[in-house]
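1. below: sequence and its predicted model.
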Amino acid sequence: MSETTFMKVDEVAEELGVSKSYAYKIVQKLNAELKEQGFLTISGRVNKQYFMERTCYGAIRKDRKERL
């Protein structure tokens, strides 16, 4: 498994260009959303796919694509 499915806080901070402390807040928020949906979460890490979907870096959703 060379590519991980989780992003660490450092990676989130680098990807978004924010401080590490702000990246922790983002990771906590995303993990809280995942927990509400019944998923297990890992403190200090966030699922990479979910991160991409919830940020502007994710794939264009069908509803967004139709508006373009």
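-> Cool, got the structure. Numbers count the residues shown, from 1 in each chain.

2. roughly how far apart are the residue most central in space within the chain and Ile42?
-> When Cα atoms, centre = their mean is applied to the chain, the residue found nearest the centroid is Phe51 (1.9 Å). To Ile42, Phe51 is 13 Å away according to Cβ to Cβ, to the nearest Å. In short, each C-beta sits where N, CA and C put it, glycine included.

3. how about Val9?
-> For Val9, the distance to Ile42 - Cβ to Cβ - is 11 Å.

4. between the two, point out the one with more neighbours.
-> Counted by other Cβ atoms under 10 Å, Val9 and Ile42 do not tie: Val9 has more neighbours, with 20 against 11.

5. pull out the buried residues from stretch 3-12.
-> By neighbour count on 16 or more other Cβ atoms under 10 Å, the buried set for stretch 3-12 is 6-7, 9, 11-12.

6. stretch 19-39 now?
-> Buried residues in stretch 19-39, counting neighbours by 16+ other Cβ under 10 Å, are found at 23-24, 26-27, 30-31, 34.

7. in strands, which of these appear?
-> Using DSSP state E, no member of the buried residues of stretch 19-39 falls in strands.

8. in a markdown table: those residues, plus pLDDT.
-> Rendered in a markdown table, the data for these read as follows (pLDDT from 0 to 100):
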| residue | pLDDT |
| --- | --- |
| Ala23 | 97 |
| Tyr24 | 98 |
| Ile26 | 96 |
| Val27 | 97 |
| Leu30 | 97 |
| Asn31 | 97 |
| Leu34 | 96 |
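
9. one step back: tell me who's in contact with the residue nearest to the centre of the chain.
-> Phe51 makes contact with 7, 12, 15, 30 under the criterion Cβ atoms under 8 Å, 6 or more residues apart in numbering.
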